[in-house]
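>>> Just need the structure, nothing else, for what follows:
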Amino acid sequence: MKSTRTADRTELAVLGQQLRVDAVRAADAAGSGHPTSSMSAADLAAVLLAGHLRYDFERPEHPANDRLILSKGHASPLLYAMYRAAGVVGDEELLTFRRQGSRLEGHPTPRLPWVDVATGSLGQGLPVGVGMALAGKHLDHLPYRVWVLCGDSELAEGSVWEAAEHAGDQHLDNLTLIVDVNRLGQRGPTRHQRDLAAYARRFRAFGWHTVEVDGHDVEAIDAAYREAAATPRRPTAILAGTVKGKGVASVEDREGLHGKPLPDAEAAIVELGGPRFIRVDVTAPPAARAPRPVSSGPLELPRYEVGERVATRTAYGQALAALGTARGDVVVLDGEVGDSTKAELFAKEHPERYFECYIAEQQMVAAAVGLAARGWTPYAATFAAFLTRAHDFVRMAAISRASLIVAGSHAGVAIGQDGPSQMGLEDLAMFRAVHGSTVLYPCDANQTAKLVAQLADGEGIRYLRTTRGATPVLYGPDEEFPVGGAKVLRSSPHDKVTLVAAGVTVHEALVAADALEEGGIPVRVIDLYSVKPVDERVLQEAAALTGCLVTVEDHRAQGGIGDAVAECFADGRPMPRLVRLAVENMPGSATPEEQLADAGIDAASITATVRVLYEQVVTG
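Modelled structure (predicted):
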């Protein structure tokens, strides 16, 4: 079938049936999957593939390719059926669906070159699509369209409405959302069932253009897609009333069949007209060149004098602005706290590459994923505490093989009087648990600046933790801080205990070390600025010499620095005595100094702990 904007109604209907048959066949071969969810959207997919999608499947990296996100990722058999119709997945591969080693996973991932982002956690496709549409409109300046196919069940997710408001506010007329309103969710009817008007009212309230259609009328679908492309300054939501399991009478609109192969796949395939081998020549995108980000010159990071007091969050903003001058691919997103995270410093220098996401942390991270998928290098920042809201988006970003940097400011009890609701005390654990992540926690301004710059060249999810209050500059501006490294700040051949700290507790550890030295107890101090990966060599050498490590962290005891250090001595390695000082209490409002003391992680607490340990060793 040749791709055409005036495709024959009968041909499109037959293509829809082919997609249904292939979805049934794939799920039947796997013995699992979601064929009925695929069947409801088959006509929507057929019209899109044959008449509106502009995509060069031989060149998935083509800068002008349209982007297609299957937000209802459980309907992956439909997507794979589309790829078979496009000629890039063979019939034999289609039937490897969900098997070990197959590219055709239960939910789509970028193991397939035509999949930009992983889907399957519902409510994420539209927010990520917003990021891609922002790239197309404000950065790439290319005419590609972003198509997102989602289900009606996921419209219960708040992240969808964060995205809807952001897209409406930004007038993303290059974004089209196709909602497969098939009435049934996993356990029964959805909240609004097939009330298209109810969904339309909600989208219109956020500034969207809406079109309500019969999702099995290929001519109406074609007209709706045309209308979306012709609507200026507004994103379009196409609300398509469909029937789950469409085409097979025994399963149509029936509850209890979600996520199951059809009971009689062979009979269903016959009822649908049998296997077909229609090949669609998908419309090629227009010729275009990828934008070349402009670099103005060498990187000139800010430089701070030793002894100067500078907050690491300030150094983050200043370094980011300098990085933006040197690298035109760097973009910054913030959750309406740019004056606190200091991302506003980048905004002042490079407003065209700054995206205000307001207090919508899920949308902020999702937009960063979308921007990264289009080849940009995003830095996204908010308070470390509020990143917990976006953790599922971070988790899915790793599955998407996304490459982005997240900065969490105002970490730990050291923020002071604002109290526990504002304190990031779980963030190190959260980001350490993400597959392939990098977790950094600088203690001074020069260290922060160097790490901000290094992160731009990393891979995967990279997290930088910054501190609210000003801290003394310990390192000179020419010091280097490789990822995976650590710095030994105090050492002697006679050290009795090793203090391992990061961020604000490094300064407390140094004060404690001076007090202990005066009392005749020399201690080693390690700045563990790279929390993942850690410098195992430095830690193991310190353990071999002193036999005792004390970790000190402005974080909960679970999953943070203490656990990172303990893991260095797994797998049969000699385990030193390990004492962990962390935030075990529930903080209230108090000064930063009082907070550190109440949590038992200030210099006095460290000093007292080491003295007790030393006495135990001497008298033991």
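
>>> Least confident secondary structure element in this structure?
Using mean pLDDT, DSSP states H and E, the weakest-scoring helix or strand in the chain turns out to be helix 603-619, at a mean of 89.

>>> show me the contacts for Ala390.
Taking CB atoms under 8 Å, 6 or more residues apart in numbering as the definition of contact, the neighbours of Ala390 are 361-362, 364-366. Glycine gets a C-beta too; all of them are placed from N, C-alpha and C.

>>> run the last query once more with 6 Å
Taking CB atoms under 6 Å, 6 or more residues apart in numbering, we find Ala390 in contact with 361-362, 365.

>>> If any of those are buried, give me the ChimeraX selection for them.
In ChimeraX, this line selects whichever of these come out buried by 16 or more other CB atoms under 10 Å:
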select :361,362,365
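
>>> Adding distance to Leu528, secondary structure and pLDDT, write the contacts of Ala390 out as a markdown table.
What follows is the contacts of Ala390, written out as a markdown table (distance: CB to CB, whole Å; DSSP: H, G, I helix; E, B strand; the rest coil; pLDDT from 0 to 100):
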| residue | distance to Leu528 | secondary structure | pLDDT |
| --- | --- | --- | --- |
| Glu361 | 27 | helix | 98 |
| Gln362 | 30 | helix | 98 |
| Val365 | 26 | helix | 98 |
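
>>> With distance to Tyr225 as new columns, can the contacts of Ala390 be given to me in a markdown table?
Formatted as a markdown table, the contacts of Ala390 follow (distance: CB to CB, whole Å):
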| residue | distance to Tyr225 |
| --- | --- |
| Glu361 | 32 |
| Gln362 | 28 |
| Val365 | 29 |
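
>>> from the contacts of Ala390, which is closest to Ala311?
Relative to Ala311, the closest of the contacts of Ala390 is Glu361; by CB to CB it sits at 21.7 Å.

>>> For the stretch 1-150 of the chain, which segments count as strands?
For the stretch 1-150 of the chain, applying DSSP state E, counting those that start in this stretch gives strands covering 67-70, 146-151.

>>> let me fix that: the stretch 451-600 of the chain
Taking DSSP E, counting those that start in this stretch as the criterion, the stretch 451-600 of the chain carries its strands at 461-465, 470-472, 487-490, 497-501, 523-527, 530-532, 548-552, 577-581.

>>> and the last one, what does it pack onto?
What it means is strand 577-581. Counting by 3 or more CB pairs under 6 Å, 6 or more residues apart in numbering; DSSP states H and E, the packing neighbours recorded for strand 577-581 are strand 548-552.

>>> Let's see that with 7 Å instead.
Here strand 577-581 touches strand 548-552, helix 561-566, helix 603-619, going by 3 or more CB pairs under 7 Å, 6 or more residues apart in numbering; DSSP states H and E.

>>> ranking these by burial, who's on top?
Per-residue neighbour counts averaged over each of those give the maximum for strand 548-552, namely a mean of 26 (mean count of other CB atoms under 10 Å).

>>> What strands line up against it, and which way round?
When pairs are called by DSSP bridges, strand 548-552 turns out to pair with strand 497-501 (parallel), strand 577-581 (parallel).

>>> circling back to that earlier point, export the strands of the stretch 1-150 of the chain as a markdown table, with columns for distance to Lys348, mean pLDDT and mean neighbour count.
What follows is the strands of the stretch 1-150 of the chain, written out as a markdown table (distance: least, CB to CB, whole Å; pLDDT from 0 to 100; neighbours: other CB atoms under 10 Å):
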| stretch | distance to Lys348 | mean pLDDT | mean neighbour count |
| --- | --- | --- | --- |
| strand 67-70 | 31 | 98 | 26 |
| strand 146-151 | 29 | 98 | 27 |
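
>>> Mind putting those strands into a markdown table with distance to Pro235?
Compiled in a markdown table, the strands of the stretch 1-150 of the chain are given as follows (distance: least, CB to CB, whole Å):
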| stretch | distance to Pro235 |
| --- | --- |
| strand 67-70 | 14 |
| strand 146-151 | 9 |
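
>>> Could you pull out the helices in the stretch 151-300 of the chain for me?
Counting by DSSP state H, counting those that start in this stretch, one finds helices in the stretch 151-300 of the chain at the ranges 158-169, 196-205, 218-230, 265-271.

>>> Check the stretch 451-600 of the chain too.
Secondary structure of the stretch 451-600 of the chain (DSSP H, counting those that start in this stretch): helices located at 504-518, 536-546, 561-566, 592-599.

>>> List the buried residues in the last one.
Going by neighbour count (16+ other CB under 10 Å), the buried part of helix 592-599 is 592, 594-599.

>>> now the helices and strands packed on strand 577-581 in CSV, with distance to Arg9?
Shown next, in CSV, are the helices and strands packed on strand 577-581 (distance: least, CB to CB, whole Å):
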stretch, distance to Arg9
strand 548-552, 69
helix 561-566, 61
helix 603-619, 76
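
>>> looking at the ones you listed, which is closest to Asp334?
It's helix 561-566; of the helices and strands packed on strand 577-581, that one is closest to Asp334 (CB to CB) at 26.7 Å.

>>> Name the residues that touch that closest one?
Contacting residues not belonging to helix 561-566 are listed as 428, 432, 500, 502, 528, 531-532, 534, 539, 549, 551, 553, 555, 578, 580, 582 [CB atoms under 7 Å, 6 or more residues apart in numbering].
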